[in-house]
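Participant: Provided below for reference: sequence and predicted model.
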Amino acid sequence: MLDYTNKTAESVWTRCLQFIKDNIDEQAFKTWFEPIVAIELTTENALYIQVPSKFFYEWLEEHYVKILKSALIKELGHNARLLYKIRMENTQGNKQPFTEQLPSSQREPVKTQELDVPIQTKNPEIKNPFVIPGIRNVKIESQLNSNYSFDNFLEGESNRLGRSAGMAVANKPGGTAFNPLMIYGGVGLGKTHLAHAIGVEIKDKHPDKTVLYISAEVFTQQYVDSVRKQTRNDFIYFYQLIDILIVDDIQFLSGKSGTQDVFFHIFNYLHQNGKQVILTSDKAPVDMQDIEQRLLSRFKWGLSAEIQHPDFETRVNILKNILYRDGVEMPQEVIEYVAKSIKSNIRELEGAIISLIAQSSFNKREITLELAKSVVDKFVKNVKREISIDYIQKVVSDYFKLDLDTLRSKSRKRNIVQARQLAMFFAKKYTKASLANIGSQIGDRDHATVLHACKTVDNLLETDKQFKAFFEDINNKLSI
Ligand SMILES: Nc1ncnc2c1ncn2[C@@H]1O[C@H](COP(=O)(O)OP(=O)(O)OP(=O)(O)O)[C@@H](O)[C@H]1O
């Protein structure tokens, strides 16, 4: 007969932990056993332990129940019982967290009346109390676009790093140093395409893995909904089930502290458990604004790969690939003309060639250099025509989170002056307006002020790295 008089929940659990620690790897021990608190040892030989979430409980039951059983039998004998108390985060608007009690599957399930908040009474039809309805065994649609594959993501100097890191990740998701893999770069350069291609390749090579592609915007909406519907925990559990999480346009989380917080926890959980995270962003982590430091530092853990503007050769290859896909032939000089005319946005490049194909087939005209010139020039002009001084002021003020009146005000605050000078510089670069005209629209200044602004911007680009990063960001937003 065992003597329980000197045993406490803590002492029993400490010895169990020693046994468990010797039998599982260190990371798993840290993740799954260190957060557990021993609560009570009853005279009926039942040990209560407290775990932080239902998911945690489920994970222990699924992966570690044998070792828990062995440890417990060793300490308390064959009639030992293990019971969990789940300390739930408050989602009901009450200040206090609440607890839920559940038995371990290795023992006879505890009868309903013994539970504080018995899961069986909520879901009487569920035979196995260890399946959380709607959470386990759900098939998750990956939301991947199979048209975006590695095969049609053409390689060039501009994307080589991201493409090969993406390939490495697809071969061994969660098993490379590239975790998270952050793909960043300007508008229309292929970030989304590459992110999908990695996911598609993983699904192909590892069909058993759960992959999810989601834009940061949809993730945010889902999170806000879950808070409104008081299902925040379900939201978190759902994301904890993913093996490869791809979040597009992560900069969208900027300034959204609640969503950043929940993403931080999901990220940590996935990372600690060897799951792969892939992120895209329109800027490098170092240049992201209004994203918490702790999140930024995690973004830098893996690899940040920039996608740059494609060089001429890559642009030609991309165009040829589209023509091949659509079964259209075009003279080399026409292809080269298009590639020379549109340099900094692959989406625009695609748009121009498609519009050229359309023009020639509607009007039954042969595709000549002359036709290409008229179509592409119009195309380029149309895109450029959208840039007005008002538009530039809007982009600049949005970027610095200023309102338009502040940008145009007489304020001499350094950040406002710099924003105003950038707006003037871009107005000179992208519009045909005179210096006087630019000055009168941006804060009622004279032409000398605009000239001075342009010179200052030129100087700062040479001397101030941070300023240069702002400049390039805004330029990417404005340029085609
Ligand atoms: N290397 C490439 N090879 C072939 N097509 C490409 C390549 N890079 C980009 N594209 C094509 O260019 C278009 C724009 O790419 P994508 O949407 O991935 O850009 P993005 O960087 O995510 O843009 P945004 O910043 O607007 O989100 C897509 O149709 C994509 O297929």
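Facilitator: Nice, thanks for sending it over. This one's a predicted model, so the numbers in the text were calculated from it and none came from an experiment.
Participant: pLDDT below threshold where in the stretch 251-400 of the chain?
Facilitator: 381-386 (pLDDT under 70).
Participant: show me the contacts for V12.
Facilitator: A38, L41, L47, E75, L76 (Cβ atoms under 8 Å, 6 or more residues apart in numbering). (C-beta placed from N, C-alpha, C; glycine too.)
Participant: Can you flag the buried ones in those residues?
Facilitator: A38, L41, L47, E75, L76 (16 or more other Cβ atoms under 10 Å).
Participant: Return the member of the residues you listed nearest to L194.
Facilitator: Among the buried ones among the contacts of V12, A38 lies closest to L194 (Cβ to Cβ), at 47.6 Å.
Participant: Quick check: helices, which of the buried ones among the contacts of V12 are part of them?
Facilitator: E75, L76 (DSSP state H).
Participant: want to throw the buried ones among the contacts of V12 into CSV with pLDDT and distance to K364?
Facilitator: Below are the buried ones among the contacts of V12 laid out as CSV (pLDDT from 0 to 100; distance: Cβ to Cβ, whole Å):
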residue, pLDDT, distance to K364
A38, 92, 82
L41, 91, 88
L47, 89, 83
E75, 89, 86
L76, 88, 87
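Participant: how about the residue in the stretch 251-400 of the chain that the ligand sits nearest to, what does it touch?
Facilitator: Nearest residue of the stretch 251-400 of the chain to the ligand, counting by Cβ to the nearest ligand atom: I346, 3.6 Å away. Contact analysis of I346 by Cβ under 8 Å, 6+ apart lists G188, L189, G190, P310, R315, I318.
Participant: State the helix or strand in which the nearest residue to the fifth one once chain neighbours are set aside lies.
Facilitator: This means R315. With sequence-adjacent residues excluded and distances taken as Cβ to Cβ, 6 or more residues apart in numbering, R315 is closest to A339, at 4.0 Å. Element membership for A339 (DSSP states H and E) is helix 332-341.
Participant: residues making contact with that helix?
Facilitator: So helix 332-341 is contacted by 312, 315-316, 319-320, 323, 349, 352-353, 356, 367-369, 372-373, 376-377, 380 (Cβ under 8 Å, 6+ apart).
Participant: Also stretch 440-451?
Facilitator: Under Cβ under 8 Å, 6+ apart, the answer for stretch 440-451 is 389-390, 393, 407-410, 420, 423-424, 427-428, 433-436, 438-439.
Participant: Could you tell me how far it lies from the centre of the chain?
Facilitator: 41 Å (Cα atoms, centre = their mean, to the nearest Å).
Participant: mean confidence for that stretch?
Facilitator: Stretch 440-451 shows a mean pLDDT of 90.
Participant: quick one on the thing from earlier: buried sites along the helix holding A339?
Facilitator: V334, I335, E336, Y337, V338, A339, S341.
Participant: how about that helix as PDB, C-alpha atoms only?
Facilitator: Written as PDB, here are the backbone C-alpha positions of helix 332-341 (Å, rounded to 0.1, in the frame of the first residue of the first chain):
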ATOM      1  CA  GLN A 332      11.200  39.600 -80.900                       C
ATOM      2  CA  GLU A 333      11.500  43.400 -81.400                       C
ATOM      3  CA  VAL A 334       7.900  43.900 -80.200                       C
ATOM      4  CA  ILE A 335       8.500  41.800 -77.100                       C
ATOM      5  CA  GLU A 336      11.700  43.800 -76.400                       C
ATOM      6  CA  TYR A 337       9.900  47.100 -76.900                       C
ATOM      7  CA  VAL A 338       7.300  46.200 -74.300                       C
ATOM      8  CA  ALA A 339       9.900  44.900 -71.900                       C
ATOM      9  CA  LYS A 340      11.800  48.200 -72.300                       C
ATOM     10  CA  SER A 341       8.800  50.300 -71.800                       C
END
